[in-house]
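# Got a predicted model here, sequence first, then my questions.
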Amino acid sequence: MTKPEGVSARYIRAYLAFLATQNYSDSYINGHARAIKTLVRFWHKEKYISEVPIFDTPTSAQKRLPVLTATQVKKAIDECTTLRDKAVILLLVDIGLRRAEACALNWGDVDFSSGIIRVARGKGGKARSVVAGVRTRRALLAYRREIQHGEDLPLFQTTQGNRLSPNGLRSLLLRIGKKIGLHISPHALRRTFATLSLRAGMNILQLQAMMGHSSLEMTRKYIQMIDEDII
């Protein structure tokens, strides 16, 4: 079979079933299925085939993604050797920012009296406000005393005074995690924020607003149902 019109839903299903026998991951097979759907839709649009083959996209298994406990967060903070690293962890766990959002913050975005932090460059260009707790604000103030901190200067900086990049933020967290035998990433801390906030009684609508999600369904994906919660 060498022509697009020879591709039928039966052949596609057989191919996906073959992949399933080869011990590939669910996400790998799902990616192939989505690529095939894109291809056959293109063929149909360009008149290579008269109709689009209909087939189901294999679902990816829901995996429990890493979330830190409060004890593990404390252990990570205790391992920090700089005021910047401590402030980074506290901020990410306290308000659940994406790593690009945290790196884009300037000192002028933080109101230390109220705790309100303005995220001017959120995902999709949407701005929002979040609230940092007292301990996080104290950590930021302690860090601020040792660097240049004008209104338009970056909140988190390298040792040269440049803005800390998203990759730099990820690297510092991985470095701290390696010391204590944990996988710590910006996304893991974002999930940790969501889980700990719900356990503390935060309303899911408030959590949605804090995380900058456009729908509740996106927020629910961050909720980690662990055994003690179910019990």
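Everything's here; your move.
# Tell me how far the longest helix anywhere in the chain lies from the chain's centre.
Ordering each helix of the chain by length in residues (DSSP state H) puts helix 26-45 first. Between the centre of helix 26-45 and the centre of its chain there are 25 Å (C-alpha atoms, centre = their mean, to the nearest Å).
# Give the next helix or strand downstream of it.
helix 70-79 (DSSP states H and E).
# That following helix: which residues count as buried?
Going by neighbour count (16 or more other C-beta atoms under 10 Å), the buried part of helix 70-79 is Gln72, Val73, Lys75, Ala76, Ile77, Glu79. (C-beta placed from N, C-alpha, C; glycine too.)
# got any ranges where this protein has weak pLDDT?
Counting by pLDDT under 70, the ranges of the chain that qualify are 1-2, 60-65, 221-231.
# Gly168 belongs to a strand?
No. With DSSP: H, G, I helix; E, B strand; the rest coil as the criterion, Gly168 is helix rather than part of a strand.
# How much space separates it from Arg144?
19 Å (C-beta to C-beta, to the nearest Å).
# same check, this time on Phe156
11 Å.
# In terms of packing, which of these two has more residues around it?
Phe156 (22 against 17; other C-beta atoms under 10 Å).
# With Leu92 as the reference, measure out to the residue nearest to that one when sequence neighbours are not counted.
Among residues not flanking Phe156 along the chain, Leu164 sits closest, at 4.1 Å (C-beta to C-beta, 6 or more residues apart in numbering). Per C-beta to C-beta, Leu164 is found 12 Å from Leu92.
# Those two: which is more packed in?
The neighbour comparison of Leu164 against Leu92 (other C-beta under 10 Å) goes to Leu92, with 27 against 20.
# Asp152 - that's part of a strand, no?
No. Read with three-state DSSP, Asp152 is coil and lies in no strand.
# quick one: it and Ala120 touch, right?
No. Counting by C-beta atoms under 8 Å, Asp152 stays clear of Ala120, with 11.7 Å between them.
# Mind checking which of those two has more residues around it?
Just comparing Asp152 and Ala120: by other C-beta under 10 Å the higher neighbour count belongs to Ala120, 16 against 8.
# Chain neighbours aside, what residue packs nearest to Met202?
Nearest to Met202 is Met210, by C-beta to C-beta, 6+ apart, at 7.9 Å.
# What separation do you get for the spatially most central residue of the chain and Arg170?
Residue closest to the average C-alpha location in the chain (C-alpha atoms, centre = their mean): His187, at 3.7 Å. Noted for His187: a distance of 9 Å to Arg170, by C-beta to C-beta.
# Mutual contacts of those two, please.
Residues touching both His187 and Arg170 (C-beta atoms under 8 Å, 6 or more residues apart in numbering): Arg99.
# which residues in the chain form strands?
Using DSSP state E, the strands of the chain run over residues 116-119, 128-131.
# Show me what the first one is packed up against.
Other helices and strands packing on strand 116-119, by 3 or more C-beta pairs under 8 Å, 6 or more residues apart in numbering; DSSP states H and E, are strand 128-131.
# Would you check that Leu172 makes contact with Lys86?
No. Counting by C-beta under 8 Å, Leu172 does not reach Lys86; the two are 10.9 Å apart.
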